[in-house]
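Novice: I'd like to go over a predicted model; first the sequence, then the structure.
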Amino acid sequence: MGEKKRVPGLIALKQIIETTSSYTGKDFFKALVKHLAEILDVYGVWVTEFWPKQNKLNALAFYLDGAFVEEYIYEVANTPCEPVLGSEDICHIPKNVIQLYPKDPDLKPLGAVSYMGISLRDNNGSVIGHLALLDNKPMIELPEVFAIFKIFASRAAAELRREKAQKKIIESESKLNRLVNGTSDAIIEFNADFKITQVNEAATTLFTRNTNSFLDKDIKELFSAKSYSKLKFIIPQHEVLSNKYGALHINEPLLCINSKTESFPADINLSCYKFNNEMFYVLYIKNIKEQVSDKIKIKALNTETIILREKIKSQQFDYIIGRSDSIKKCLELVSQVGPTGANVLIQGETGTGKELFAKAVHDASERKDKSMITLNCAALPSELIESELFGHVKGAFTGAMSAREGRFSLADQSTLFLDEIGELPLTLQVKLLRVLQEGTFEPVGSSETKSVDVRIIAATHRDLKELVEKGTFREDLYYRLNVFPLQIPPLRERGKDIELLAIAFLDKLTKKSALSVSPLSKSDIKKLYNYHWPGNVRELQNVLERCVITSSDGNLNLNGFLPITPIKEKKILNASNIFTYKEMEHIERENIVKALNLTNWKISGAGGAAELLKIPRTTLTSKINKFSIKRMAM
């Protein structure tokens, strides 16, 4: 990357895009490494896929000293590629790479001096490969080179993810690879004003326009009104929705229109970058007109994609959606307690997602390689719970035709999640306490003592301390379970999370039902914020599912599913319903929080919370301090 061959960032970007855009798979990777090496003037460039079990990298394309190297597989350990796989940013070694990695067998024969690499990751952040440069001269730090490198690492990661997803689909059910192969990507760059600044040759073919007819035109000329509206809605959310490298796949096909007013559906990826302090966006557009004509195959593809995503998400924290301070604090606590093995008591209202947090604790532990075992203590009759927990031998009771393992045996060396622990009968609380204290139990009808190593995560929407005071829950068991308490906040206290969850649920629901609905409007979002959500996240999901099912012409209608006066769903004081002082304080606090949210935290003056509550400003300020009310991060 010497000064004499230095290529300005935007020109280099344009050259590499135009020389790689017509390829997919191995041809794309070969074109990418070759043109990166030539344009950046480096000795070698290679892109790989990562084999985690073998801890090896397999070169998908390797261009070295003007020629391609075939079938190149190498160990990750003791090479400069090793720190790359553990980082999410560029690893740059400007010189002395041989001295830093003397055990790498390939560096010295190549006369290597400098190195630069970046990991390629899937949608959940797991490493799937890497892209790297190697040079036989010092490699100085050039910001524009770093930017190009990151953009095409993202493109390489997207192509690698596409190939992996395609293999999964072929293995599972169908020959749908033609949906993602055989067409060239049209690439269109536009600025923050939605004016087109650059296109490649594939774009001119796809849209039947010459290059000059594109430039300085509004991007909306290429889409139907509905698709343009969706694209315009998604672009401001790019930072929130994109992956680590700024790439975002738009999940639903958009309808494109060429110069002959012919329309075609397109699969689209969106990325963005800054150049000279100006924001640019790039669309990668693939015509899928032939594929979408077969609705059965499209539905099969959507179903398979959902299954694969859910399988991947089951091992990651990204199944918990939220950026509010309260959720961040909960996840921080999960990360702290997960590896310790301590028992955890998760408390929160019905529908807050306690089981997801239990799964997160398990996934953060050393037991994550084994499945978490679950038992809902409220879902079974009391006479069956003992058998479910501890198992039974053949003939232990009427109907016990064979022996059966209980949940404790199944959870040995793993985690047992006891949901609704407050419903566990007192007689079984004694037996549960023994397992927690001694790690032993006897199956029903057996005198054999079994030993197990089980971590307990319990959850309840009830106040266990109150149950202890009433004598329906053992105090010693409570303290055994409550080693590490985790309080899940209700949805009404999570601020902006309501919108994030709603968007995520709509995305999932529309894919599952193969329906297309308009994005949430500002009015819809305001209605969601104003509602009290007594059923929390579960109620939000149910409401949106009903809206999707009953949507007309793709338009959501929340009016029929949100009560006009949601506060009436809360208990109202009357002659047969007496609240404790603590309950009254809780109701007062929630009422103040709602007033503050409705007035955007304007405390005094016209339209302020004090006016809405009809109390003096000083009184409201005093109560905010008394109840420790703090504004949630939006």
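Specialist: On my side now, so go ahead.

Novice: tell me the mean pLDDT for stretch 407-416?
Specialist: Here stretch 407-416 scores 92 as its mean pLDDT.

Novice: scratch that, stretch 40-60
Specialist: pLDDT averaged over stretch 40-60 gives 91.

Novice: Next, count neighbours for Ile488.
Specialist: For Ile488, the count of nearby residues is 23 (other C-beta atoms under 10 Å). For every residue, glycine as well, the C-beta is placed using N, CA and C.

Novice: Please apply the same query to Tyr281.
Specialist: Look at Tyr281: counted by other C-beta under 10 Å, it has 19 neighbours.

Novice: how about the closest residue to it other than its chain neighbours, what does it touch?
Specialist: Spatial nearest neighbour of Tyr281, excluding adjacent residues (C-beta to C-beta, 6 or more residues apart in numbering): Cys272 at 4.7 Å. By C-beta atoms under 8 Å, 6 or more residues apart in numbering, Cys272 lies in contact with His238, Gly246, Met279, Phe280, Tyr281, Val282.

Novice: quick one, phi psi at Cys272?
Specialist: Main-chain dihedrals, Cys272, degrees, to the nearest 10: phi -150, psi 160.

Novice: try Thr374
Specialist: Thr374 has phi and psi values of phi -120, psi 140 when expressed as degrees, to the nearest 10.

Novice: Surely Ala61 is in contact with Glu70?
Specialist: No. Counting by C-beta atoms under 8 Å, Ala61 sits too far from Glu70 to count as a contact (9.6 Å).

Novice: Compare these two and say which one has the larger neighbour count.
Specialist: Counted by other C-beta under 10 Å, Ala61 and Glu70 do not tie: Ala61 has more neighbours, with 23 against 8.

Novice: ok, Asn536 to Pro485 distance?
Specialist: Here Asn536 is placed at a distance of 19 Å from Pro485 (C-beta to C-beta, to the nearest Å).

Novice: pull the CA atoms of stretch 145-153 into PDB?
Specialist: Output in PDB follows, covering the C-alpha atoms of stretch 145-153 (Å, rounded to 0.1, in the frame of the first residue of the first chain):
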ATOM      1  CA  VAL A 145      -8.100   1.400   3.200                       C
ATOM      2  CA  PHE A 146      -9.500   0.400   6.600                       C
ATOM      3  CA  ALA A 147     -12.900   1.500   5.400                       C
ATOM      4  CA  ILE A 148     -12.700  -0.400   2.100                       C
ATOM      5  CA  PHE A 149     -11.500  -3.500   4.000                       C
ATOM      6  CA  LYS A 150     -14.400  -3.400   6.500                       C
ATOM      7  CA  ILE A 151     -17.000  -2.900   3.700                       C
ATOM      8  CA  PHE A 152     -15.800  -5.900   1.700                       C
ATOM      9  CA  ALA A 153     -15.300  -8.000   4.800                       C
END
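
Novice: Show me what Leu254 bridges to in the sheet.
Specialist: Beta-bridge partners for Leu254, by DSSP bridges, are Ala266.

Novice: for Arg367, helix, strand, or coil?
Specialist: Three-state assignment for Arg367 (DSSP: H, G, I helix; E, B strand; the rest coil): coil.

Novice: Please report the number of neighbouring residues for the closest residue to it other than its chain neighbours.
Specialist: Excluding its sequence neighbours, the residue lying closest to Arg367 (C-beta to C-beta, 6+ apart) is Ser414, at 4.9 Å. Using other C-beta under 10 Å, the number of residues around Ser414 comes to 19.

Novice: Tell me who's in contact with Ser414.
Specialist: Contacts of Ser414 by C-beta under 8 Å, 6+ apart are His362, Arg367, Lys370, Ser371, Met372, Ile373, Val454, Arg455.

Novice: repeat for His461
Specialist: Contact partners of His461, counting by C-beta under 8 Å, 6+ apart, are Gln347, Gly348, Glu349, Thr350, Lys354, Glu420, Gly422.

Novice: out of the residues you listed, who has the most neighbours?
Specialist: Of these, with other C-beta under 10 Å as the count, Lys354 tops at 23 neighbours.

Novice: Count the neighbours of the nearest residue to that residue once chain neighbours are set aside for me.
Specialist: Spatially, and ignoring its direct neighbours in sequence, Lys354 is nearest to Ala459 (4.1 Å; C-beta to C-beta, 6+ apart). Number of residues near Ala459 (other C-beta under 10 Å) recorded here: 25.

Novice: Spell out the secondary structure type for Ala459.
Specialist: Under three-state DSSP, Ala459 falls in the strand class.

Novice: What of Tyr273?
Specialist: Relying on three-state DSSP, one would call Tyr273 strand.

Novice: What separation do you get for it and Tyr281?
Specialist: 8 Å.

Novice: now Lys527
Specialist: With C-beta to C-beta as the criterion, Lys527 and Tyr281 are 31 Å apart.

Novice: re earlier: show the contacting residues for the residue nearest to Lys354.
Specialist: Leu345, Ile346, Gln347, Gly348, Lys354, Glu355, Ala358, Phe417, Leu418, Asp419, Glu420, Ile421.

Novice: Which helix or strand contains the first one?
Specialist: Applying DSSP states H and E as the criterion places Leu345 in strand 344-347.

Novice: Taking the centroid of the protein, which residue is nearest it?
Specialist: Note on the chain: the residue nearest the mean C-alpha position is Asp318, at 3.7 Å, using C-alpha atoms, centre = their mean.

Novice: May I ask you to confirm that that one is in contact with Leu331?
Specialist: No. Under the criterion of C-beta under 8 Å, Asp318 makes no contact with Leu331, lying 10.6 Å away.

Novice: Run through who's touching stretch 359-374.
Specialist: The contact list for stretch 359-374, computed with C-beta under 8 Å, 6+ apart, reads 314-317, 319-320, 331, 334-335, 337-339, 341, 344, 355, 358, 407, 410-411, 413-417, 419, 455, 457, 486.

Novice: low-scoring stretches of the stretch 201-350 of the chain, by residue?
Specialist: For the stretch 201-350 of the chain, the stretches with pLDDT under 70 are 239, 241-246, 292-317.

Novice: The same query, at a cut-off of 50, please.
Specialist: Filtered on pLDDT under 50, the stretch 201-350 of the chain yields the residue ranges 310-316.

Novice: can you give me the strands for it?
Specialist: All strands of the stretch 201-350 of the chain, identified by DSSP state E, counting those that start in this stretch, fall at 247-257, 263-275, 278-287, 344-347.

Novice: who's in contact with the shortest one?
Specialist: With contact meaning C-beta under 8 Å, 6+ apart, strand 344-347 is reached by 337, 354, 357-358, 361, 421, 456-461, 464, 481-488.

Novice: re the thing from before, give the buried residues for the following helix or strand past the strand holding Leu345.
Specialist: The first helix or strand that comes after strand 344-347 along the chain, using DSSP H and E, is helix 354-363. Within helix 354-363, the residues that count as buried by 16 or more other C-beta atoms under 10 Å are Lys354, Glu355, Phe357, Ala358, Lys359, Ala360, Val361, His362, Asp363.

Novice: cool, stretch 214-226 as well?
Specialist: Phe214, Lys217, Ile219, Leu222, Phe223.

Novice: wouldn't the third one be in contact with Ile188 here?
Specialist: Yes. Assessed by C-beta under 8 Å, Ile219 is found in contact with Ile188 at 7.3 Å.

Novice: what's the overlap in contacts for the two?
Specialist: Taking C-beta under 8 Å, 6+ apart as the contact rule, Ile219 and Ile188 both touch Ile196, Leu283.
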